[in-house]
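**Q** Here is my input; please provide its structure:
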Amino acid sequence: MPELFEGDFEQSGAGVRMTMLDSAAGATVRRATFFGEPPALGFLAFTEAWERFSYYGMTGLLVLYMSQALFTPAHIGNIAGFATFRAGLEAVFGPMGTVALASQIYGLYTGLVYFTPIFGGWIADRFIGRRSAVMMGAILMSAGHIAMAFDASFLLALVLLVVGCGLLKGNISTQVGELYTEDDATGRTRAFSIFSMAINVGAVTGPLACGLLAQIFGWHAGFGLAGILMLIALATYTAGYRLLQEEAPKPRVRTAHAPLSRRDWITIGALIVVVLLTIPHSITYYQNSNIGLVWIAKNVDLNVRGFHIPVAWFNSIDPFVSILSVPPLFALWKYQASRGGEPGEIAKIAIGAFIAAAANFLLVAAGLIGGRAWGLFPVLYNVLLGIAFIYQWPTLLALVSRMAPEKVKATMMGGVFLSLSLANTTMGWLGGLYETMSPTAFWALNVAIATAGGFVALALKPVLERLLNVAAE
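**A** Below you'll find the predicted structure:
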């Protein structure tokens, strides 16, 4: 992880203060900062931490809630508009049982969560501004969590959460960058390091807290905690609202730009192929929050000394491992680089796919052994997925941000997140096959998907690297 403290800063209590000289009066003025950064970053980071806490806490329960409770005969008839909605899904994807239906809805929900920020950014840029967009998004997400507490408003809850996340997610990240001048690359790096840490803290703690509460007091207690945390996120952002200055949105004026060169188009084409190569890995990675939880609930011995481990807790492992694995992996890559053997970006993406395949193979092995699986199997499964994530996702972002032509850099970065939308939607459809296959065959299919993605990446690596190197020159 990048260092959080740089320059002449003095730590004081929970925060940091920077000493500045007032040139006019000759007096020393102490201005409060957040770890040496603008105070507004603190409000943005804590807003994101509470929002991610809420999001991952809710998604850690969602598939289990649908398959074990909401879609049972006693409850499914209470969902407003569900019969029509289900008929529409089955007209496209075919008849679905309880688990397949839960998987398909989860895949569509998470797919839309990664798709709608494009429209949220456009609405903020053209009409309402980023501050108002984030506020509106937080309000809609809070309403969505409240609606989740009732059977009748389940579909409405998902719509509110998707739209709210679309307005909040991309715009709050953009606000982090806007705290710094265009030439302050170091400041932006520090800020996004702090911001990313807030995301990871929320991703780890959300499933732990909401999962435990749901197990002790029922599903709606877990969803209720997610709603409370989202309200805290809204309150946090409101408290820092005045610090987030921005210009009013202005209509875009069309200006003439030089057309993209042939070399630019070659680069764009190569990067699109690289992004597509990551989809098989993403499909098998995100299955851990979908059928992975269904499999654990049914096939793993979760009792430890009289305590029943909440299934949602397993969703905290891979983000926690992702945090812990960064320093040793950076050290490994530095060591490899010193000997001229550090894998390139496309090779790292392939390695990530192979590690994801190995993670899924552990569940195949658990099925072949038979009986109730040891808890060690899903733990190691998520540990490997956390390492695979570091090999693939940051590497992909770094490659696209470095190589994409300046004129289309933002569009290409948006395309990276669209790949997650496609991967999650496909993951939901693939999860529907779980009802018609044995668990061992299902996880073997995921092994095959990730492995194929890794080998295709290796096969295309020489061509893609040659194209990208030519563009760089």
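**Q** residues near Val470, how many?
**A** 12 (other CB atoms under 10 Å). (C-beta placed from N, C-alpha, C; glycine too.)
**Q** the strands in the protein, which residues?
**A** 10-12, 15-21, 28-33, 303-304, 307-308 (DSSP state E).
**Q** how many other residues sit next to the closest residue to Ile323 other than its chain neighbours?
**A** Excluding the flanking residues, the one nearest Ile323 by CB to CB, 6 or more residues apart in numbering is Asn200, at 5.1 Å. Applying other CB under 10 Å, we find 17 residues neighbouring Asn200.
**Q** Just confirm Asn200 contacts Ser325, I think it does.
**A** No. Using CB atoms under 8 Å, Asn200 makes no contact with Ser325, being 11.6 Å away.
**Q** Can you give the domain ranges for the protein?
**A** The chain breaks down by automatic domain parsing into domains covering 32-249, 261-473.
**Q** With mean pLDDT as added columns, please give these in a markdown table.
**A** Supplementary listing: the domains of the chain in a markdown table, determined by pLDDT from 0 to 100:
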| stretch | mean pLDDT |
| --- | --- |
| domain 32-249 | 90 |
| domain 261-473 | 91 |
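**Q** so where do the helices sit in the stretch 1-150 of the chain?
**A** 39-65, 73-76, 82-93, 98-115, 117-123, 130-147 (DSSP state H, counting those that start in this stretch).
**Q** Could you dump these into a markdown table with mean neighbour count added?
**A** Listed next are the helices of the stretch 1-150 of the chain as a markdown table, based on neighbours: other CB atoms under 10 Å:
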| stretch | mean neighbour count |
| --- | --- |
| helix 39-65 | 25 |
| helix 73-76 | 12 |
| helix 82-93 | 13 |
| helix 98-115 | 22 |
| helix 117-123 | 19 |
| helix 130-147 | 23 |
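**Q** so can I have CSV of those showing distance to Leu260?
**A** CSV is the format used below for the helices of the stretch 1-150 of the chain (distance: least, CB to CB, whole Å):
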stretch, distance to Leu260
helix 39-65, 34
helix 73-76, 51
helix 82-93, 36
helix 98-115, 25
helix 117-123, 21
helix 130-147, 28
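**Q** Ok, which of these comes nearest Gly431?
**A** Minimum separation from Gly431 across the helices of the stretch 1-150 of the chain (CB to CB) falls at helix 98-115, 3.0 Å.
**Q** helices or strands up against the closest one?
**A** When contacts are defined as 3 or more CB pairs under 8 Å, 6 or more residues apart in numbering; DSSP states H and E, helix 98-115 packs onto helix 39-65, helix 82-93, helix 154-178, helix 291-299, helix 409-431.
**Q** how many neighbours does the closest residue to Ile139 other than its chain neighbours have?
**A** Spatial nearest neighbour of Ile139, excluding adjacent residues (CB to CB, 6+ apart): Leu234 at 6.5 Å. Using other CB under 10 Å, Leu234 is surrounded by 21 other residues.
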